[in-house]
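Colleague: Fold the following, please.
(one chain, ligands or ions: 1)
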Amino acid sequence: MTDYTPTDLAAQLKSGLLSFPVTHFTADLRIDEAGYRKHLAWLSEYPVAGLFAAGGTGEGFSLTSEETDQVVRAAVDEVAGAVPVLAPATGSTANAIAQARAAEAAGADGLLLMPPYLTEASQRGLIEHVSQVCRATGLGVVVYSRANAILRDEAVAILADRNRTFVGFKDGVGNIEQMTRTYARVGDRLTYIGGLPTAETFALPLLQLGVSTYSSALFNFLPQWATEFYDAVRAKDTVEVYRRLDEFVIPYLDIRDRTQGYAVSIVKAGLTAVGRPAGPVRPPLTDLADPEVAELRDLIDRIS
Ligand SMILES: O=C([O-])C(=O)C[C@H](O)[C@@H](O)C(=O)[O-]
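Modeller: Sure thing, here's the model as predicted:
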């Protein structure tokens, strides 16, 4: 059982960078739990404020509920109380509730509620979906606002009022007006997490909007670099942040933007490039081509 109350979790998450580890697969696309555990052990040498198992970068959308449970249990066991582990809740309301309960039983410290599957939904429907998951366990819940589940400021305020366990808002949209309206209405009642693909790109401007931390996919294969980047953001060292964006992040985005889904695939390619392969991605994602991996390796070599 977790030692983090929802309030403790909210405070903890805003205290540092957030880790979204990839999920390791074998060549025939089965979970490689040993490889995953080894990866978490390596990443635990670097300071983070929270670990989100089987998130977007962790291809949570490609795992069965049983596999999600396996990954969450491995993360809880591997991290052993050093940082809070947050588990995903995905799909239909009933499925998300079942995953939330399984995560609580597995000893996770919080939940990342993903957009429901496929359908569009009204704000009223989303409020009901989020509220039901918030009521299902005692765990703090971070809601990922993205894709078919974009919460507007009014809905965020209602949810924060109704649900004590709703503690975090992860923004995957980057709409300046909406973020400003949300922070103006709800303020520090929530912890705000930058969750756009390649979150470093947006870290400095979002900090100005009340978004105090972000989920770093780059942390997977460049943990030292990602930690230094985070420190520069927190210090509002604009010169250093833009230097690093120009030197590495922007050319990285140029590779990432070549194919839909590469925002996740390129993270596994990065691990291959640094000699710590995590295996292939599962469909519907596709792996980078060999010349693209070589290009990424050259880019990494330039900053190493
Ligand atoms: O759920 C996820 O893995 C994300 O969407 C977070 C990513 O880490 C994203 O912020 C990124 O690509 O930096």
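
Colleague: SS state for whichever residue of the stretch 51-200 of the chain sits closest to the ligand?
Modeller: Residue of the stretch 51-200 of the chain nearest the ligand, by C-beta to the nearest ligand atom: Gly56 (2.8 Å). For the C-beta atoms, the positions are set from N, CA and C on the backbone; glycine is no exception. Following DSSP: H, G, I helix; E, B strand; the rest coil, the label given to Gly56 is coil.

Colleague: what's the average pLDDT for stretch 235-251?
Modeller: What stretch 235-251 shows for mean pLDDT is 98.

Colleague: near the ligand, anything from that stretch?
Modeller: No. Figure legend: stretch 235-251 not in contact with the ligand (C-beta under 6 Å from any ligand atom); closest approach 10.1 Å.

Colleague: Ends of that stretch, what's the gap?
Modeller: 24 Å (C-alpha to C-alpha, to the nearest Å).

Colleague: which of the residues in that stretch are buried?
Modeller: 241, 244-245, 248-249, 251 (16 or more other C-beta atoms under 10 Å).

Colleague: cool, and stretch 37-53?
Modeller: Those would be 37, 39-40, 43-44, 48-53, for stretch 37-53 by 16+ other C-beta under 10 Å.

Colleague: For Leu18, give its distance to the ligand.
Modeller: 8 Å (C-beta to the nearest ligand atom, to the nearest Å).

Colleague: Which residues does that residue form beta bridges with?
Modeller: Under DSSP bridges, the beta-bridge partners of Leu18 are Gly50, Ser215.

Colleague: Can you give me the neighbour number for it?
Modeller: Leu18 is flanked by 27 other residues according to other C-beta atoms under 10 Å.

Colleague: So it is in contact with Tyr214, correct?
Modeller: Yes. At 6.7 Å, Leu18 and Tyr214 qualify as touching, with contact defined as C-beta atoms under 8 Å.

Colleague: shared neighbours of these two, anything?
Modeller: Shared contacts of Leu18 and Tyr214, defined by C-beta atoms under 8 Å, 6 or more residues apart in numbering, are found at Ile193.

Colleague: near the ligand, which residues of the stretch 1-150 of the chain?
Modeller: Counting by C-beta under 6 Å from any ligand atom, the stretch 1-150 of the chain sits next to the ligand at 20, 55-57.

Colleague: Now do the strands in the stretch 1-150 of the chain.
Modeller: With DSSP state E, counting those that start in this stretch as the criterion, the stretch 1-150 of the chain has strands at 18-19, 50-52, 85-89, 110-113, 140-145.

Colleague: where exactly do the helices run in this structure?
Modeller: For the chain, helices defined by DSSP state H occupy the ranges 6-13, 33-43, 65-79, 93-106, 123-136, 153-162, 176-186, 203-208, 223-234, 238-244, 250-256, 262-273, 290-303.

Colleague: so of those helices, which one's packed in deepest?
Modeller: helix 262-273 (a mean of 23; mean count of other C-beta atoms under 10 Å).

Colleague: What count of nearby residues applies to Met1?
Modeller: Applying other C-beta under 10 Å, we find 8 residues neighbouring Met1.
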